[in-house]
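1. Predicted model follows, preceded by the sequence.
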Amino acid sequence: MAKFANKEKKGLPAISTASLPDVVFMLLFFFMVSTTMRKGEVKVTVIPPAATEWSKIERKSLVSYIYIGSPIKSMQTKYGTESRIQLNDSYKSLNDIRDFIAAEREARNEADRAYMTTSLKIDKDTRMGIVSDVKQELRKANALKIIYSTHKAAAGDKLN
């Protein structure tokens, strides 16, 4: 009878936590691989126009982005609905483009400065006047390698 009494006094065995660090590192590695870091917060609405021909950017680290479009809804009360220029994380004027390009050049290595590219991310409803003004300022800043961001046109898309 003594054997039966001892079995009732024992509790549940402890849960093994030996594999817990493996699971934590696996989750950490998954999120590090699958997460992309955004360079800055986009404060303008940018719906790029469709294109039938496009090429992929080779070295994205050498690309500086200029966004042109109407401000997002939360910023429209302060800045209105007219198209604005966004450099880094703030709205700027045409006069600030040269300083922006100079700062981007200084942030690059001497050897990479020749390969620096400026990408214009422009909303499809933006008027061409502001776009041509930005291009003129880029010419004055000697930033002559310019690309335009678009999205790939589907088979049934109508190009405007």
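-> Good, I have the coordinates.
2. Grab the nearest non-local neighbour of V131.
-> Closest residue in space to V131, ignoring its immediate chain neighbours: I122 at 6.0 Å, by C-beta to C-beta, 6 or more residues apart in numbering. From N, CA and C alone the C-beta is placed, and that goes for glycine too.
3. bridging residues for that neighbour?
-> Here I122 sits in beta bridges with I68, going by DSSP bridges.
4. show me what contacts it?
-> By C-beta atoms under 8 Å, 6 or more residues apart in numbering, the contact list for I122 reads V46, P48, P49, Y67, I68, G69, V131, Y148, S149.
5. Quick one: name whatever helix or strand follows the worst-scoring helix or strand of the chain on mean pLDDT.
-> Every helix and strand of the chain was ranked by mean pLDDT, DSSP states H and E. The lowest is helix 2-9, at a mean of 57. The helix or strand immediately downstream of helix 2-9 is helix 20-34, counting by DSSP states H and E.
6. Now that next one: average pLDDT?
-> Averaged across helix 20-34, pLDDT comes to 91.
7. what's the spacing between stretch 13-25 and its chain's center?
-> Its chain's C-alpha centre and that of stretch 13-25 lie 37 Å apart, by C-alpha atoms, centre = their mean, to the nearest Å.
8. What is the end-to-end distance of that stretch?
-> Taking C-alpha to C-alpha, to the nearest Å, stretch 13-25 runs 26 Å from one end to the other.
9. Tell me the buried residues in that stretch?
-> Neighbour counts over stretch 13-25 (16 or more other C-beta atoms under 10 Å) mark no residue as buried.
10. sorry, back to before: quick one: pLDDT of the residue nearest to V131?
-> Listed pLDDT for I122 reads 92.
11. cool, D157 as well?
-> So, for D157, pLDDT stands at 58.
12. A103 too?
-> pLDDT recorded at A103 is 93.
13. in what helix or strand does it lie?
-> Residue-wise, A103 maps onto helix 97-107 under DSSP H and E.
14. What is that helix packed up against?
-> Helix 97-107 is packed against strand 63-69, strand 84-87, helix 128-140, with contacts defined by 3 or more C-beta pairs under 8 Å, 6 or more residues apart in numbering; DSSP states H and E.
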